[in-house]
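# Sequence and predicted structure are below.
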Amino acid sequence: MPTIDDLRRYYAQLPDDVLENLALNEAGDLTPEAIAALQAEIRNRGFPVEVANVIDVQLHALGKGEFEDLVQWFRGCECPRCGIKGRALNAFTIAEAMSFLILTKYTTSLLVACPGCISKAAKEALLLSITLGWWGIPWGPIRTLEAISLNLAARKAEDRDAPTEELLNFIRHNIAVVLDQRQQSRAKNGSG
């Protein structure tokens, strides 16, 4: 187990962008000693106060009702892909399989968007995988079937009213950023 001095030295050697990412996205998973060392390093480097506030937000557990309210607010935001507001955001995993003889490239990505954009991206990935996924031995057919399965589920995004578990996990993992966005939105709109 690292000592507080070990943690201070470790955080001191991290580049600014890595340290900020750690504070924004992973502080909730750190030990109290690591959090103290991280907050000290953030203050030493003169990061904006908001970065330190995000750490505090991650440490504050939201009640079930608070989290559900946050999910509903987030789903009402504009789509990051098309910019349209009013179609409840959701999240699905999109997969692509491409093969070339003995090489198969398989990628998955989480897409947070409106149902129309999710369906369109899933259709494009599905067509790509069906066209180019099969041609590698032995993984091409296996990965192509996996991609087809994920993309067929995502194509049905427009038929789903409830948030997916993927969206809930995305919000949980990025809780501080989502809470900050909501606060900025409320300040901009003059609603608290």
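That came through, no problem. Residues are numbered from 1 along each chain as shown.
# For the rest of this, base every contact and every neighbour count on C-alpha atoms.
Noted.
# Centroid-nearest residue for this structure?
Note on the chain: the residue nearest the mean C-alpha position is F170, at 4.5 Å, using C-alpha atoms, centre = their mean.
# how near is that residue to V71?
According to C-alpha to C-alpha, to the nearest Å, F170 and V71 sit 10 Å apart.
# next one: L150
Applying C-alpha to C-alpha, the value for L150 to V71 is 23 Å.
# partners of the residue sitting furthest away from the middle of the chain in the sheet?
In the chain, the residue that sits farthest from the middle, by C-alpha atoms, centre = their mean, is L101; the gap is 33.3 Å. Counting by DSSP bridges, L101 is bridged to G136.
# Was I right to think it contacts G136?
Yes: using C-alpha atoms under 8 Å, L101 is in contact with G136, at 4.3 Å.
# which strands and helices sit next to the lowest-mean-pLDDT helix or strand in the chain?
Taking mean pLDDT, DSSP states H and E as the measure, the chain has helix 49-59 as its least confident helix or strand, at a mean of 73. Judged by 3 or more C-alpha pairs under 8 Å, 6 or more residues apart in numbering; DSSP states H and E, the packing partners of helix 49-59 are helix 16-25, helix 32-45, helix 175-189.
# So which bits of that helix are buried?
For helix 49-59, the neighbour count (16 or more other C-alpha atoms under 10 Å) marks 51-52, 54-58 as buried.
# returning to what we had before: and the residue nearest to the centre of the chain, how far from V112?
For F170, the distance to V112 equals 9 Å [C-alpha to C-alpha].
# And L62, by the same measure?
Distance from L62 to V112, by C-alpha to C-alpha: 22 Å.
# So between those two, which is more surrounded?
More crowded of L62 and V112, by other C-alpha atoms under 10 Å: V112, with 20 against 14.
# Flag the shaky bits of the protein, pLDDT-wise.
Applying pLDDT under 70 to the chain flags the ranges 58-61, 191-192.
# Could you export the buried residues of helix 49-59 as JSON lines, including distance to E158?
Putting the buried residues of helix 49-59 into JSON lines (distance: C-alpha to C-alpha, whole Å) gives the following:
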{"residue": "V51", "distance to E158": "36"}
{"residue": "A52", "distance to E158": "38"}
{"residue": "V54", "distance to E158": "33"}
{"residue": "I55", "distance to E158": "35"}
{"residue": "D56", "distance to E158": "36"}
{"residue": "V57", "distance to E158": "33"}
{"residue": "Q58", "distance to E158": "32"}
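# Walk me through the domains of the chain.
Residue ranges for the domains of the chain, per automatic domain parsing: 4-59, 62-192.
# So P2 lies in a helix, does it not?
No: per DSSP: H, G, I helix; E, B strand; the rest coil, P2 lies outside any helix segment and is coil.
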